[in-house]
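A.B. asks: dropping a prediction and its sequence here:
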Amino acid sequence: MNGNTRVLIVDDSAVVRKLIGDALRKEPGIDVVGGAADPFIARDLILQQKPDVITLDIEMPRMDGLTFLKKLMAHHPLPVIIVSSVTQSGSAASVEALRAGAIDVIAKPGGPHSVGFVTERIIRAIRDLRSGPAIRLKAAPVTVADPAPTPPVTLSAAAPGARRSNGLIVIGASTGGTQAIETVLTRMPADTPPILITQHMPASFTRAFAARLDQVCPMRVVEAAHNQTVERATAYIAPGDYHMEVTRFGVQMRTVLSQGPPVHYQRPAVDVMFASAARLSGIPIVAMLLTGMGADGADGMVALRRAGAETIAEDEQSCVVFGMPKEAIARGGAAHVSTLLAMPRLVFECLDRLGGGGRTVSAA
């Protein structure tokens, strides 16, 4: 982006539009070019003011934000930051908005006391847009209601990983990660080794994200709990506002949740999870670092590779934002670079090379 970043605020609440607008106007390099009470007004302002970024509410009159976002991404794609109410329906719609191409989701302020946190998140996202790699905006993908969902990967009896693989799979992602994680998990078999996932997402939205994945993935998907036994055929999503680590208790692996300081401005942070996995011993580990802004996960990938894990970075071609994977590659943390569609088979090939066919840890 050249010059000041032009921001349009779309929210049916005049109070929210004013609070966010006043805060953004104080930030150097940001111009608030307008506020819209519904998508129809927003449509006209987009054509008139040509904003660089839009903040968008979900629950609005005349047309909901999710419907508007899908139309926008199909006909006039722009970086969109969702500012949504923390309700069950709002959280589920916000997760769907991320799948449809929104770059971030932020909980709507509950009052004047929370405006600072919200606007700080918006400002940081805009800074990342200005300084980071270009975003590859995508229209909404195929939904679960479509008649031909992609089948999970199938491995012939002679193929690497065809036997009942053991070990641990860890995945980190940020911007564009909800789509990327779904693409990978829906193509993996149900009886897969346990999977731990850190996706940058605020509290209250990760449960809806896990529920969405549980509907469409062959394996069980849950929001992780503290001190939870890690089992095969299950994927665990780090809860928003909690770092997730993995540790070993005898022959079992368990999750550890904490609210330590943010890392790379993030909690949960990928580096925290990756570093904990690197401290495990005797466990075949495959790590994947997917699309996202910044450098979270890059140092953790280096640590994992040095510890003997197989590490995979998403390639630039399939990334929404080639930021985190690029940093991991540059620092020597990625043993492999792969497209999303090739990752499931590569994961099992890696487990096979690590000796994941033998039972070294309990994950049953």
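C.D. replies: Sure, I can see it. Residues are numbered from 1 along each chain as shown.
A.B. asks: look up the pLDDT of Gly110 for me, please.
C.D. replies: Note for Gly110: predicted pLDDT of 62.
A.B. asks: okay, domains of this structure per the record?
C.D. replies: Listed by automatic domain parsing, the domain ranges of the chain are 5-131, 168-353.
A.B. asks: which stretch in the ones you listed has the least confidence?
C.D. replies: Lowest mean pLDDT within these: domain 5-131, at a mean of 89.
A.B. asks: how far off centre is that domain?
C.D. replies: In terms of C-alpha atoms, centre = their mean, to the nearest Å, the centre of domain 5-131 is set 18 Å apart from its chain centre.
A.B. asks: next, the distance between the ends of that domain.
C.D. replies: Length of domain 5-131, first residue to last, C-alpha to C-alpha, to the nearest Å: 12 Å.
A.B. asks: which strand residues bridge the closest residue to Ser174 other than its chain neighbours?
C.D. replies: Leaving aside its chain neighbours, Ser174 sits nearest to Gly292 (2.7 Å; criterion: C-beta to C-beta, 6 or more residues apart in numbering). Every residue, glycine included, has its C-beta placed from N, CA and C. Bridge pairing for Gly292 (DSSP bridges) gives the partners Phe322.
A.B. asks: surely Gly292 is in contact with Lys326?
C.D. replies: No: Gly292 is beyond contact range of Lys326, at 9.9 Å (criterion: C-beta atoms under 8 Å).
A.B. asks: Ala173 against His200, yeah?
C.D. replies: Yes: between Ala173 and His200 a contact is recorded at 7.4 Å, counting by C-beta under 8 Å.
A.B. asks: got any residues that touch both of the two?
C.D. replies: Both Ala173 and His200 are contacted by 270, 292, under the criterion C-beta atoms under 8 Å, 6 or more residues apart in numbering.
A.B. asks: between the two, which one's more packed in?
C.D. replies: Taking neighbours as other C-beta atoms under 10 Å, Ala173 and His200 compare with Ala173 leading, 29 against 26.
A.B. asks: got the phi and psi for the more buried one?
C.D. replies: For Ala173, the backbone dihedrals are phi -160, psi 160 (criterion: degrees, to the nearest 10).
A.B. asks: any idea how far it is from Gly294?
C.D. replies: Per C-beta to C-beta, to the nearest Å, Ala173 is found 12 Å from Gly294.
A.B. asks: and for the two, which residues touch both?
C.D. replies: Met324.
A.B. asks: sort out which residues of stretch 257-270 are buried, please.
C.D. replies: In terms of neighbour count (16 or more other C-beta atoms under 10 Å), stretch 257-270 has its buried residues at 257, 263-264, 266-270.
A.B. asks: burial measure for the nearest residue to Met63 once chain neighbours are set aside, as a count.
C.D. replies: The shortest distance from Met63 to any non-neighbouring residue, by C-beta to C-beta, 6+ apart, is to Pro39 (4.3 Å). Pro39: 24 surrounding residues under other C-beta under 10 Å.
A.B. asks: show me the contacts for Pro39.
C.D. replies: 10, 60, 62-63, 65, 67-68.
A.B. asks: from Ala107, how far off is it?
C.D. replies: Pro39 is 21 Å from Ala107, by C-beta to C-beta.
A.B. asks: same check, this time on Ile20
C.D. replies: Ile20 is 13 Å from Ala107, by C-beta to C-beta.
A.B. asks: could you do Cys217 as well?
C.D. replies: From Cys217 to Ala107 the distance is 26 Å (C-beta to C-beta).
A.B. asks: residues in contact with the strand or helix carrying Asp22?
C.D. replies: Using DSSP states H and E, Asp22 sits in helix 14-25. Helix 14-25 has contacts (C-beta under 8 Å, 6+ apart) with 7, 9, 11, 30-32, 35, 37, 55, 57, 83, 108-109, 112, 115-116, 118-119, 122-123.
A.B. asks: out of these, which are buried?
C.D. replies: 7, 9, 11, 30-32, 35, 37, 55, 57, 83, 108-109, 115, 118-119, 122-123.
A.B. asks: so which of these sit within strands?
C.D. replies: In strands, judged by DSSP state E, the following of the buried ones among the contacts of helix 14-25 are found: 7, 9, 30-32, 35, 55, 83.
A.B. asks: now those in a markdown table, with distance to Arg127?
C.D. replies: Below are those laid out as a markdown table (distance: C-beta to C-beta, whole Å):
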| residue | distance to Arg127 |
| --- | --- |
| Val7 | 12 |
| Ile9 | 18 |
| Ile30 | 9 |
| Asp31 | 15 |
| Val32 | 16 |
| Gly35 | 21 |
| Thr55 | 15 |
| Val83 | 17 |
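A.B. asks: if anything else comes up later, I'll come back, but that's it for now.
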